[in-house]
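J.: model this:
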Amino acid sequence: MATRTEPDRSASLTDGPAMDDAPASSVARMVTGRAGWRSAAGAPTLWLAVALAVSLGARLWSVGWQLPWQFHPDEGHYSWKAMDMIATDSLNPKYFRNPSLFTYLLYGQYRLLGFQPPKTDADATTSDGPLRPPTGVALVGRLTSALMGWATVATVGWLGWRLAGPWAGVASAAFLGLAFIHVRDGHYATNDVPATFLLVLSVAASLEIVRRPTLRNYLLAGVLGGLATSTKYNAGLFVGPLVLAHVLSRAAAQPRSPDGVLQELWPRTWLLAVSLGAGGLAFLAGTPYALLDSNEFWAGFRTQLRLGGEGWEGQVPGPSALLYLQALGQGLGWGVLALVVVGSVLLVRHRLREALVVLTFPVLYLRFMLDTELFFVRFALPVAPFFCLLAGCGIGLLVSRAHASSGTGAAISGRLWPVISAALAVAALVQPALDVARHNALVQREDTRVLAARWALDNVPPGAKVALEEYTIRDRRPRAYGGPSWQLDTDLFNVNNVAVSDPARALRGPHRYFIVSSFQYERFRGDAPKLARQTAFYDALSREGRLVAEFLPGQDGTSLPFDLEDLYTPFWGLDRYERPGPTIRIYEVGRG
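T.: Residues are numbered from 1 along each chain as shown. Take a look at the predicted model:
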């Protein structure tokens with residue numbers, strides 16, 4: 001006989017309370033009553049609203065950093081690809097190292113806002129504005145990322161509330177709302193934060209499957225996971241929580257024998273198949289040219305796989321596990337990371353099946369990523385919401401100890417546990433909150449590249465030829481928009497192309513000025529044999545050229561060691577910076 005699948009009002013597989021099935025007000029009273037917080041239903045709701053408001057403010061503060069300059073090296077893969085699609089009246093993004101859904105999302109917004117490529121140089125230089133190209137191209141993308149990041153915070157708060165009570169929801173939202181790694185990436189018009197949002201929604205639907213294995217929940221988990229994968233490929237690991245939720249679902253938990261479990265699961269295997277099929281269709285809906293231009297798609301996909309197996313120039317060496325641990329310690333805060341351990345243990349004890357589903361994605365993802373050589377801090381971002389959820393559940397379950405016992409001693413203990421839990425949560429938030437404030441204030445200050453561009457426009461004589469490296473005064477705006485570097489007679493210089501036989505030959509060419517960046521010369525200069533010609537060129541430049549201007553990012557006008565994350569915005573040691581950007585040096589080497 002088939003087991004009924006309606007919601008079970010009893011506890012989970014363990015002795016923990018089924019908080020997601022209890023009315024919110026009664027849950028609130030249960031976890032706060034002994035603390036004397038008699039406005040039980042209202043207090044968590046109020047604090048959740050505060051957490052959401054603060055998290056939104058953190059993401060919108062400085063979202064327009066450095067505009068109209070666009071220094072982020074990856075934003076153009078989405079924003080300007082969308083503009084190219086408008087210019088060519090084509091829906092083929094012609095870029096598949098990342099899937100296409102985020103590009104299409106920007107494309108749709110640009111169409112609604114009436115964005116058009118400039119028809120003349122005059123159009124390009126006079127049409128700029130917050131919601132016009134070129135500034136609007138980046139700003140709309142960043143606002144989209146920021147708002148989807150904020151929606152992720154709200155979703156994680158809702159999940160925490162359902163899993164471990166109201167204060168778990170408040171703490172989960174607060175931890176992710178001020179998670180530096182999540183706030184920082186929410187300032188970029190890139191696919192990382194949007195993909196994470198869709199991934200969290202998919203896992204939320206998988207959690208519903210555990211409790212209520214209906215066709216609707218299976219479809220939601222599959223479709224949302226497919227859309228997440230169509231935003232960033234590694235979100236395809238959503239399949240792990242989905243399959244585990246299917247195995248652990250409420251209907252399969254009732255039979256007493258292994259044969260009974262199989263008898264319950266097998267008739268519902270079609271639901272899992274439909275979910276996975278819906279996920280595949282959702283992926284193709286967001287990246288249709290995986291079929292329509294399959295050769296280009298697979299070429300881009302294989303390139304992405306190859307890059308994952310290689311380190312990046314200037315990447316800090318070290319075991320992958322240590323790099324991820326350091327990134328999460330800095331990005332979430334070491335206090336939050338400690339609470340992740342506490343929350344994982346408590347949630348496993350109280351809500352075993354739900355805990356296993358929540359833990360599945362971080363475990364699978366980290367296991368997969370630890371085998372890759374390439375590392376950027378943003379690679380740790382997808383696990384951040386799940387870690388914040390676990391940490392928040394730890395706080396909520398600690399608060400719930402106020403209800404766990406009776407008697408005079410228990411009453412005293414019941415008053416202390418909420419206070420202790422609140423103190424732990426506040427203490428854990430100090431580090432990420434300070435880093436968010438430092439970062440957002442820092443990126444508002446003029447970048448060293450902006451200062452260098454102003455100097456070059458004021459001091460480089462008309463007609464003088466300028467050789468400039470990447471990460472100097474040329475940003476990611478197309479030439480049509482007439483950024484400062486295009487107002488000078490410039491050529492892009494790549495030190496990796498200097499001749500082996502005569503690395504200094506470029507200094508005897510037509511260029512009177514060379515503008516170089518520490519983002520380049522600190523990556524491609526050293527004792528390694530493969531860097532010999534690059535090192536020889538930079539040595540010759542400093543020896544034969546005359547340093548006419550230098551712009552430094554460090555406090556008190558100091559240079560800072562190269563850090564790969566500085567290609568975006570600073571992440572490590574924020575108190576070292578006076579302003580963002582690399583050290584820029586401008587050399588005069590003679591008249592061409």
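J.: Could you measure from Pro461 over to Val589?
T.: 14 Å (C-beta to C-beta, to the nearest Å). The way it works is simple: take the backbone N, C-alpha and C, and place the C-beta from them, glycine included.
J.: Comparing these two, which residue is more hemmed in?
T.: Remark: of Pro461 and Val589, Val589 carries more neighbours, 20 against 8, as counted by other C-beta atoms under 10 Å.
J.: Pull the contacting residues for the residue lying closest to that one once chain neighbours are set aside.
T.: With C-beta to C-beta, 6 or more residues apart in numbering as the criterion, Val589 has its nearest non-adjacent residue at 4.5 Å, and that residue is Gly545. Gly545 sits next to Leu507, Phe514, Tyr587, Glu588, Val589 when contact means C-beta atoms under 8 Å, 6 or more residues apart in numbering.
J.: Now do the buried residues in the helix ranked longest in the chain.
T.: What stands out as the longest helix in the chain, according to DSSP state H, is helix 408-442. Buried residues in helix 408-442, defined by neighbour count with 16 or more other C-beta atoms under 10 Å: 413-414, 417-418, 421-422, 424-425, 428-429, 431-433, 435-440, 442.
J.: mean confidence for it?
T.: The average pLDDT within helix 408-442 is 84.
J.: and that helix, what does it pack onto?
T.: Applying 3 or more C-beta pairs under 8 Å, 6 or more residues apart in numbering; DSSP states H and E, one finds that helix 408-442 contacts helix 166-177, helix 180-185, helix 320-332, helix 334-350, helix 384-399.
J.: got the CA coordinates for the helix or strand following it in CSV?
T.: The element immediately downstream of helix 408-442 (helix or strand, assigned by DSSP states H and E) is helix 448-459. The C-alpha coordinates for helix 448-459 follow below in CSV (Å, rounded to 0.1, in the frame of the first residue of the first chain):
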residue,chain,number,x,y,z
THR,A,448,45.1,55.4,-9.6
ARG,A,449,44.2,54.8,-13.3
VAL,A,450,41.8,57.8,-13.3
LEU,A,451,44.6,60.0,-11.8
ALA,A,452,47.0,58.7,-14.4
ALA,A,453,44.6,59.3,-17.3
ARG,A,454,44.1,62.9,-16.1
TRP,A,455,47.8,63.5,-16.0
ALA,A,456,48.3,62.0,-19.4
LEU,A,457,45.6,64.2,-21.0
ASP,A,458,47.2,67.3,-19.3
ASN,A,459,50.8,66.5,-20.0
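J.: chain center to helix 448-459, what's the gap?
T.: Computed by C-alpha atoms, centre = their mean, to the nearest Å, the chain-centroid distance of helix 448-459 equals 31 Å.
J.: can you check stretch 337-350 too?
T.: The chain centroid and the centroid of stretch 337-350 are separated by 24 Å under C-alpha atoms, centre = their mean.
J.: List the buried residues of it.
T.: So for stretch 337-350, counting by 16+ other C-beta under 10 Å, buried means Leu337, Leu339, Val340, Val342, Gly343, Ser344, Leu346, Leu347, Val348, His350.
J.: what's the answer for stretch 109-119, then?
T.: Gln109, Tyr110, Phe115, Pro118.
J.: In contact with Gln109, which residues are there?
T.: Gln109 touches Val140, Thr144, counting by C-beta under 8 Å, 6+ apart.
J.: Quick check: it vs Thr144, distance?
T.: 7 Å.
J.: and what of Asp447?
T.: Going from Asp447 to Thr144 by C-beta to C-beta gives 23 Å.
J.: cool, Ser485 as well?
T.: For Ser485, the distance to Thr144 - C-beta to C-beta - is 28 Å.
J.: Kindly report the same for Ala228.
T.: For Ala228, the distance to Thr144 - C-beta to C-beta - is 15 Å.
J.: Now stretch 552-565: average pLDDT?
T.: The average pLDDT within stretch 552-565 is 93.
J.: Using CSV, write out every CA atom in it.
T.: Taking C-alpha atoms only, stretch 552-565 is exported to CSV below (Å, rounded to 0.1, in the frame of the first residue of the first chain):
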residue,chain,number,x,y,z
LEU,A,552,50.3,54.7,-5.9
PRO,A,553,47.4,53.0,-4.2
GLY,A,554,48.9,52.4,-0.7
GLN,A,555,48.5,54.5,2.4
ASP,A,556,50.9,57.5,2.5
GLY,A,557,51.7,57.1,-1.2
THR,A,558,53.2,53.6,-1.1
SER,A,559,53.1,50.8,-3.6
LEU,A,560,51.5,47.5,-2.7
PRO,A,561,52.4,44.0,-3.6
PHE,A,562,50.4,42.5,-6.4
ASP,A,563,47.3,40.6,-5.5
LEU,A,564,45.2,38.8,-8.1
GLU,A,565,41.9,40.0,-6.5
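J.: Outside of it itself, list whatever touches it.
T.: Outside stretch 552-565, the residues that touch it by C-beta under 8 Å, 6+ apart are 312, 314-316, 376-377, 448, 518-519, 522-523, 566, 570-572, 575-583.
J.: wait, Leu381 sits on Asp192?
T.: Yes. Leu381 is within contact range of Asp192, at 5.2 Å (criterion: C-beta atoms under 8 Å).
J.: quick one: common contacting residues for these two?
T.: Asp185.
J.: tell me how far the ends of stretch 78-95 are from each other?
T.: Its first and final residues considered, stretch 78-95 spans 9 Å by C-alpha to C-alpha, to the nearest Å.
J.: buried set for it?
T.: With burial defined by 16+ other C-beta under 10 Å, the residues of stretch 78-95 counted as buried are Tyr78, Ser79, Trp80, Lys81, Ala82, Met83, Asp84, Met85, Asn92, Pro93, Tyr95.
J.: List the residues that contact the last one.
T.: Pointing back at Tyr95 there. Tyr95 touches His77, Lys81, Thr103, Gly300, counting by C-beta under 8 Å, 6+ apart.
J.: Give the ChimeraX command for selecting the buried subset of those.
T.: Per 16+ other C-beta under 10 Å, the buried members of these correspond to this ChimeraX selection:
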select :77,81,103,300
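J.: What segments of the stretch 451-592 of the chain are helices?
T.: Applying DSSP state H, counting those that start in this stretch to the stretch 451-592 of the chain gives helices spanning 518-521, 532-544.
J.: May I see the buried residues of the shortest one?
T.: Taking 16+ other C-beta under 10 Å as the neighbour-count basis, helix 518-521 is seen to contain the buried residues Ser518, Phe519, Gln520, Tyr521.
J.: what are the C-alpha coordinates of that helix, in CSV please?
T.: Listed next in CSV are the C-alpha coordinates belonging to helix 518-521 (Å, rounded to 0.1, in the frame of the first residue of the first chain):
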residue,chain,number,x,y,z
SER,A,518,51.9,46.8,-11.4
PHE,A,519,49.1,44.4,-12.4
GLN,A,520,51.4,43.5,-15.3
TYR,A,521,55.0,44.1,-14.3
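J.: For the contacts of Tyr95, could you give me TSV that also reports pLDDT?
T.: Listed next are those as TSV, based on pLDDT from 0 to 100:
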residue	pLDDT
His77	95
Lys81	95
Thr103	98
Gly300	93
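J.: where does the stretch 51-200 of the chain dip in pLDDT?
T.: Counting by pLDDT under 70, the stretch 51-200 of the chain shows low-confidence ranges at 119-128.
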